[in-house]
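**Q** Predicted model and sequence below, questions to follow.
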Amino acid sequence: MIDSTGRIGLAFFGALSASISHEIKNRMAIIHEQASLLEDYIHMAAKGSETDPERMLKIAGSIKKQVGNADVIIKNMNRLAHSTDDLKRTASVEEIIDLIAALSKRMADLHEVKIAAPQAKEPCSAHTSPFLLMNLIWWCIKTIMPFVQKNDTIRLSHEKSGDGVLIRMTVEGKPISEEEIEFPEETSILAGLLNGEVGYSREKQQCVISIPAALP
Amino acid sequence: MKILLVDDEAEFVSALAERLSFRNIDADWVTRPEDAVPKVEETCYDVAVLDIKMPRVDGIELKKRLQAKCPDLKFIFFTGHGSEEVFKKGASEIGEDYYLLKPIKIDHLIAKLVEIEKQKGGVFDD
C-alpha cells in the first residue's frame, strides 16, 4: 500500500512525465512536418521545379531549432529524474526554482499565463529534499494558476530569511482574492515533510513557502 | 476544397498548410482558437482541422463555436497525445475515423478529406 507521501510524489512525477512526453511529441510533430516539407521541395526539384536555397535553409533551421527545444526538455526531464537520487542534499534553491518553472511552462501555456524566475540578487542553497521542494512549488503554482488572468505573470523568487529560505510566488496582474484560493492537503503534507510552511498573502498577492536552511 | 487548420504550433501548422497546397488543397491556418471564429465568418470552409489541446479553448469547444457559425462545416481533429486512454476518450466523443494522432501522415489526412467530400456529394480534384 502506498502512503500519502508516496501517492503525492507519484502523482507529481506522473503529471510532469505526461506533460514532458506531450511536449516532446509536439516537437517531434513539428520536426516531422518540416522534414516532410523539405522532402516535398526535393521531390519537386527532382521534377524540374526551381529551388530556393534560402527557403531550404529556413526549413533546416526550423528543424535544428526544434531539436534544440527537445534537447532542453529532455535535459530537464533528466534533472527531474535525478532529483530523487538523494532523500536530502545541499542544493541551489535557484536551480530548483528554475527547473520547476521550466517544467511548469506547459501548464502555464495552457492557461496563457507566464512564469518568470529571474536571477536572484543573492542566490542561496538549502540542505533539503529537492524533489519534495519542487513538488511543493508545483502544487502552489497549480493551485493559484486557475485564478491568474490571461497574460499575467507568476514570478518566482527566493531569499534568505533568518535560518531559512523564503520562496515567493508573486502574481503580477489582476489581484486574486484570498478567499478564492484553497490550498489542497498535498501542500500542507509536503510543507510538513520539509519542516516548512506555506501560505498566501492577499495583500502582497504572494504565495510564500518557508523552509529551514537545513533539514535535520 | 477549402480547409481551415487550427493549431497553436505555428511551425507545424504552416508547414502542413504548405504541403497541402502542393497537393491542390487550399488551406488557411491560425494558431489561436479565438481567431478561427472570424475566419469561418468571412470564408466558407468545407472542413476545419483542429488540434484537441490548445490554450483556453480546446478543440471540442471550438468545434461547437464554429458549428454555431457554420452548421455545414465538417471536422477532423488531431492531437499530440500518445496515450491510448486519451485517444479512446477523444475518439468516443468525436468518432475514431476523424481523430488523427501527430505526427500526421498527410496521405491519411487527405484520405479523410476525400471521404468527407464524397459524403457531401462533392468531387475532390486532387
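**A** Happy to help now that I have it.

**Q** how many neighbours does residue A:96 have?
**A** Using other Cβ atoms under 10 Å in any protein chain shown, residue A:96 is surrounded by 23 other residues. Where C-beta positions appear, they are placed from N, C-alpha and C, glycine not excepted.

**Q** isn't it right next to residue A:131, touching?
**A** No - taking contacts as Cβ atoms under 8 Å, residue A:96 lies outside contact range of residue A:131: 9.4 Å.

**Q** Please name every helix or strand in contact with the helix or strand containing residue A:39.
**A** Element membership of residue A:39, judged by DSSP states H and E, is helix A:4-46. If contacts are counted by 3 or more Cβ pairs under 8 Å, 6 or more residues apart in numbering or on different chains; DSSP states H and E, helix A:4-46 sits against helix A:53-82, helix A:93-103, helix A:105-111, helix A:130-144, helix A:185-193, helix B:10-22.

**Q** Now the weakest link among those helices, please, by mean pLDDT.
**A** With a mean of 91, helix A:105-111 has the lowest mean pLDDT of those.

**Q** Any buried residues in the helix or strand following that helix, and which?
**A** Going down the chain from helix A:105-111, the next helix or strand is strand A:114-116, by DSSP H and E. Neighbour-count burial for strand A:114-116 flags A:114, A:115 (criterion: 16 or more other Cβ atoms under 10 Å in any protein chain shown).

**Q** how about the residues of chain B near chain A?
**A** With Cβ under 8 Å from any Cβ of the partner chain as the criterion, chain B comes near chain A at residues B:9, B:11-12, B:15-16, B:18-19, B:22, B:53, B:55-56, B:80-83, B:102-104, B:106.

**Q** Report the buried members of the residues you listed.
**A** Among the residues of chain B next to chain A, those classed as buried by neighbour count (16+ other Cβ under 10 Å) are B:9, B:11-12, B:15-16, B:18-19, B:53, B:55, B:80-81, B:102-104, B:106.

**Q** Would you point to the one among the helices and strands packed on helix A:4-46 that's packed deepest?
**A** helix A:130-144 (a mean of 23; mean count of other Cβ atoms under 10 Å in any protein chain shown).

**Q** Restrict that helix to CA atoms and write it as PDB.
**A** Taking Å, rounded to 0.1, in the frame of the first residue of the first chain, the C-alpha atoms of helix A:130-144 are listed here in PDB:
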ATOM      1  CA  PRO A 130      14.900  18.900  -3.900                       C
ATOM      2  CA  PHE A 131      12.200  16.500  -5.100                       C
ATOM      3  CA  LEU A 132       9.800  17.400  -2.300                       C
ATOM      4  CA  LEU A 133      10.500  21.100  -2.600                       C
ATOM      5  CA  MET A 134       9.800  21.100  -6.400                       C
ATOM      6  CA  ASN A 135       6.700  19.100  -5.700                       C
ATOM      7  CA  LEU A 136       5.500  21.700  -3.200                       C
ATOM      8  CA  ILE A 137       6.300  24.700  -5.500                       C
ATOM      9  CA  TRP A 138       4.500  22.900  -8.300                       C
ATOM     10  CA  TRP A 139       1.400  22.300  -6.200                       C
ATOM     11  CA  CYS A 140       1.300  26.000  -5.200                       C
ATOM     12  CA  ILE A 141       1.600  27.100  -8.900                       C
ATOM     13  CA  LYS A 142      -1.100  24.600  -9.900                       C
ATOM     14  CA  THR A 143      -3.400  25.900  -7.100                       C
ATOM     15  CA  ILE A 144      -3.100  29.600  -7.900                       C
END
